[in-house]
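Engineer: Turn this into a structure:
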Amino acid sequence: MPAAGTVALPETVAPAASIIIPVFGNPAETLRCLGSLAAARVETPFEVVIVDDGSPPGSLDALTAVPGTRIVRSDVNRGFVAACNLGAARGRAPWLVFLNNDTVVTDGWLDRLVETAQSRPRAGAVGARLLFEDGRLQEAGGIVWSDASAHNVGRGGHPDAPPYGYLRAVDYCSGACLLISARLFEELGGFDEAYAPAYYEDVDLAFRVRAAGLEVLYQPLATVFHSEGATAGRDPTRGAKRFQVTHREVLARRWTRELSSRPPRGTDPLLAKDRGAVGRCLVVDQEAPTPERDAGSQRMVHVLRALVELGWKVTFCASRPVDRGDERAVRLGQLGIECLTRPFERSLGAHLRRRGADYDAVWLSRPAAAARWAGSVRRHCRRALTLYDTVDLRWRRLEGAALHHDRSLGRQARRSRRREIALARSSDRVVVTTDLEGELVRGEMGEGRLCRVSTFYPIVDRVSGFEERRGVLFVGGFRHLPNLDAALWLVGEILPRVREVLGPVPLWLIGEDPPAELVARAGRDSCLGAVDDLGPWLQRARVSVAPLLWGAGLKGKVHQSLASGLPCVATPVAAEGFEAHPGRDLLVAEVAPDLAAGVVSLHSDRALWEEMSAAGLRLVRDRYGWESFRAAVAGAVGPPPTEGGREARSARKERR
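Structural biologist: Numbering: from 1, shown residues only. Coordinates of the predicted model:
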């Protein structure tokens, strides 16, 4: 425990959050809590309001020496509910955070709570991940069963296990650490005095938040240690703890209709915690998505996000699960996606054997991952709709490689085609990104099983004007051979023609792993490698170039350029799949002189540049917006599953 004189909290004139800490005696616990508040790194300005709930005279003298706190006193001990309401009334900030004095907070805890509440339109209240002092999980949100009894999700488990690592709506979060807006708390009348002195007031508040059309959210990145029972004990027959039983009965009477639709106690909590989902979808890809690095990952993240918005409970797994704490898994968790990680899930096969029957749909992405796991999915996910997402047809890229590099790859292309067609035939539905690739597989399948899900890039808020820009931009990871061929062609044959007319116009090549050959030919200043944020470069360049000679699928580099208001010069291969008008939405040419002429025109003609910038933005907005993309994903997974549909799929898989 820190000494009182060693704890100092910041003095805040305009706090964003008021941290309400009810206290009855026990200054040692409170000083430890205040010490953690002082030590934890947070950016959100806060104030601390300590509510002295009628403590014995002199017992809290040590707290008065802590700078940066305000103490509100009650003459009598009225209990947790009244103390919280009193503290809330004295708070000055737009956000209230109720925090038990037997807690220890960690870095970023408050920022994560506030960010979640601000970024989620339907957020009504947000709770933290609570841990026991020994590091075991105490609560990852709560479930309320049909008899009004409450269950702490994950209690006693590992806090980093996948089922507890994603942002999600919950039945309630403990009042030991709970954020709510001051305005909403006042509108709801605060904690209900019917639950005085304590227990079930947080559960009842959660029901009232939902009745107001809002959600109670669990945020796993806000970690708080909680000494459960330090104040009220653990015996439900004695002291304040006895109200846990009587107040459950109050809740049961008040919310009878709402409780009638809830699962009974004893239901598998791993299923019950996500019971509000329209279905459960497992998504499998070769690797965890890295959207900052490649267009395929960008698309995968948006597929996952669309599934979540459509109401699905989404579980993601790479062919080889990533390690716990992997930043990719953390990012998916913040989108509301469960990401399977090691050591909790050592292999996808083991997970399918254990939980495969839970899934209503399985989305297999790319041929390598689909070929590896399709058999296990058929065996263990018998009731699930299976989707094979081609992303692009790999055999087409191999055909291009055989044509441009190594003829012996033609045999590999033919093998890949047979494998990809077999995957298509064995799946319930096949997802393609372009109509052209859809036509290439349509003849191998029955009607109604083909779905098109293209790509999505958000339109930028502000497009830099013509005069603010200069130079030519190429984007693409250079381990992908079509990108390397295109960049070498650009540097060797296209750019020299551009510079003959425009002079030393700058060139920027952005993408992972530029090889020495490209660096030598383009110059080190032009080869920027991977960048953390492509946005500034899309607003700095005047023209983007996509001179792909071969490839497959929809090209993210073209889509992102148009969505950023940056006119693009592309080959027919790069423009493939876009419902664009060449010459209006983008310039399309096949040979180096014509590609160079297009770059020169856009770089030097302001009127043409502005016209094509606006046309590209219009195309993306009208045909490739978020609503269109989400509708395409919805069409792929179909309507929410019914029991009859599940059984029919199971029977069909048995016949196979």
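
Engineer: backbone phi and psi for Ala222, please?
Structural biologist: For Ala222, the backbone dihedrals are phi -100, psi 100 (criterion: degrees, to the nearest 10).

Engineer: who are the neighbours in contact with it?
Structural biologist: Shown in contact with Ala222 (CB atoms under 8 Å, 6 or more residues apart in numbering): 108-110, 112-113, 116, 126-129, 177. Yep, even glycine has a C-beta here, placed from its N, CA and C like the rest.

Engineer: Please apply the same query to Leu502.
Structural biologist: 600, 603-604.

Engineer: Would you mind giving the secondary structure of Gly551?
Structural biologist: Reduced to three states with DSSP: H, G, I helix; E, B strand; the rest coil, the structure at Gly551 is coil.

Engineer: Equivalent analysis for Ala614, please.
Structural biologist: Going by three-state DSSP, the secondary structure assigned to Ala614 is helix.

Engineer: Can you read off the pLDDT for it?
Structural biologist: Note on Ala614: pLDDT of 97.

Engineer: got it, and Cys173?
Structural biologist: The model's pLDDT for Cys173 equals 98.

Engineer: And for Ile71?
Structural biologist: pLDDT, Ile71: 93.

Engineer: quick one: secondary structure of the residue lying closest to it once chain neighbours are set aside?
Structural biologist: Of all residues beyond its chain neighbours, the one nearest Ile71 is Ile50 (4.8 Å), with distances taken as CB to CB, 6 or more residues apart in numbering. Secondary structure state of Ile50, per three-state DSSP, is strand.

Engineer: these two touch, right, Ile50 and Thr64?
Structural biologist: No: with contact defined as CB atoms under 8 Å, Ile50 does not reach Thr64; the gap is 9.5 Å.

Engineer: of the two, who's got more company?
Structural biologist: Per other CB atoms under 10 Å, whichever of Ile50 and Thr64 has more neighbours is Ile50, with 25 against 11.

Engineer: quick one: that one and Thr256, what's the gap?
Structural biologist: Distance from Ile50 to Thr256, counting by CB to CB, to the nearest Å: 38 Å.

Engineer: again, but for Gly279
Structural biologist: In terms of CB to CB, Gly279 sits 28 Å off from Thr256.

Engineer: out of those two, which sits in the more crowded spot?
Structural biologist: Gly279 (22 against 10).

Engineer: Name all residues that make contact with the spatially closest residue to that one that is not a sequence neighbour.
Structural biologist: Distances taken as CB to CB, 6+ apart place Asp360 nearest to Gly279, at 3.8 Å, with adjacent residues excluded. Asp360 makes contacts with 279-281, 383-385, 641, 646, as judged by CB under 8 Å, 6+ apart.

Engineer: picking that back up, of the contacts of Ala222, which is the nearest to Trp395?
Structural biologist: Of all the contacts of Ala222, Trp395 sits closest to Thr116, with 43.9 Å by CB to CB.

Engineer: Next up, the contacts around that closest one.
Structural biologist: Counting by CB under 8 Å, 6+ apart, Thr116 has contacts 123, 126, 167, 217, 219, 222.

Engineer: Let me have the residues you listed in CSV, adding secondary structure and pLDDT as columns.
Structural biologist: Compiled in CSV, the contacts of Thr116 are given as follows (DSSP: H, G, I helix; E, B strand; the rest coil; pLDDT from 0 to 100):
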residue, secondary structure, pLDDT
Ala123, strand, 98
Val126, strand, 98
Leu167, coil, 98
Leu217, strand, 98
Gln219, strand, 98
Ala222, strand, 98
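
Engineer: Let me know the closest of those to Glu437.
Structural biologist: Closest to Glu437, out of all of the contacts of Thr116 and judged by CB to CB, is Leu167, at 34.5 Å.

Engineer: And for that closest one, the neighbour number?
Structural biologist: Leu167, neighbours per other CB under 10 Å, totals 21.

Engineer: Tell me how many other residues crowd the spatially closest residue to it that is not a sequence neighbour.
Structural biologist: Leaving aside its sequence neighbours, Leu167 sits nearest to Gly336 (CB to CB, 6+ apart; 5.2 Å). By the measure other CB under 10 Å, the count of residues near Gly336 is 20.

Engineer: returning to that earlier point: and the residue nearest to Gly279, how far is that from Val453?
Structural biologist: Distance, Asp360 to Val453, by CB to CB: 18 Å.

Engineer: swap in Pro582?
Structural biologist: Taking CB to CB, one finds Pro582 at 24 Å from Val453.

Engineer: Pick out whichever of those two has more residues nearby.
Structural biologist: Val453 (24 against 13).

Engineer: lowest confidence element among the helices and strands of this protein?
Structural biologist: In the chain, the helix or strand scored least confidently by mean pLDDT, DSSP states H and E is helix 643-655, which has a mean of 57.

Engineer: how deep is Leu534 tucked in, by neighbour count?
Structural biologist: 17.

Engineer: er, Asp134 I mean
Structural biologist: Neighbour tally, Asp134, other CB under 10 Å: 6.

Engineer: Which of the three states applies to the spatially closest residue to Ala182 that is not a sequence neighbour?
Structural biologist: Excluding the flanking residues, the one nearest Ala182 by CB to CB, 6+ apart is Leu96, at 5.1 Å. Following three-state DSSP, Leu96 is assigned to strand.

Engineer: Touching, Leu96 and Ile180? I think so.
Structural biologist: Yes: the criterion here is CB under 8 Å, and Leu96 meets it with Ile180 at 5.6 Å.

Engineer: just checking, Arg168 touches Gln219?
Structural biologist: No: under the criterion of CB under 8 Å, Arg168 makes no contact with Gln219, lying 9.3 Å away.

Engineer: Compare these two (neighbour count), which wins?
Structural biologist: Taking other CB under 10 Å, Arg168 and Gln219 do not tie; Gln219 has more neighbours (29 against 25).

Engineer: Tell me how far the more buried one lies from Val66.
Structural biologist: 27 Å.

Engineer: Tell me the spacing between the nearest residue to Trp312 once chain neighbours are set aside and His302.
Structural biologist: Spatial nearest neighbour of Trp312, chain neighbours left out: Cys281 (4.6 Å); criterion: CB to CB, 6+ apart. Per CB to CB, Cys281 is found 15 Å from His302.

Engineer: So for those two, which residue has more residues nearby?
Structural biologist: Cys281 (26 against 22).

Engineer: List phi and psi for that one.
Structural biologist: Main-chain torsions, Cys281, degrees, to the nearest 10: phi -120, psi 130.

Engineer: can you pull the contacts of it?
Structural biologist: 307, 312-315, 359-363, 637 are the contacts of Cys281 under CB under 8 Å, 6+ apart.

Engineer: Equivalent analysis for Gly511, please.
Structural biologist: 474-478, 483, 487, 529-530.

Engineer: and what of His559?
Structural biologist: So His559 contacts 295, 455, 457, 578, 620, 624 (CB under 8 Å, 6+ apart).

Engineer: Next step: the contacts of Gly511 restricted to helices.
Structural biologist: 483, 487 (DSSP state H).

Engineer: If any of the contacts of Gly511 are buried, put those into a ChimeraX selection.
Structural biologist: ChimeraX command restricting the contacts of Gly511 to the buried ones, with burial defined by 16 or more other CB atoms under 10 Å:
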select :474,475,476,477,478,483,487
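
Engineer: possible to save the contacts of Gly511 as TSV with pLDDT and distance to Val144?
Structural biologist: Converted to TSV, the contacts of Gly511 look like this (pLDDT from 0 to 100; distance: CB to CB, whole Å):
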residue	pLDDT	distance to Val144
Phe474	97	55
Val475	96	49
Gly476	93	51
Gly477	91	48
Phe478	93	53
Asn483	95	53
Ala487	97	58
Gly529	93	52
Ala530	91	47
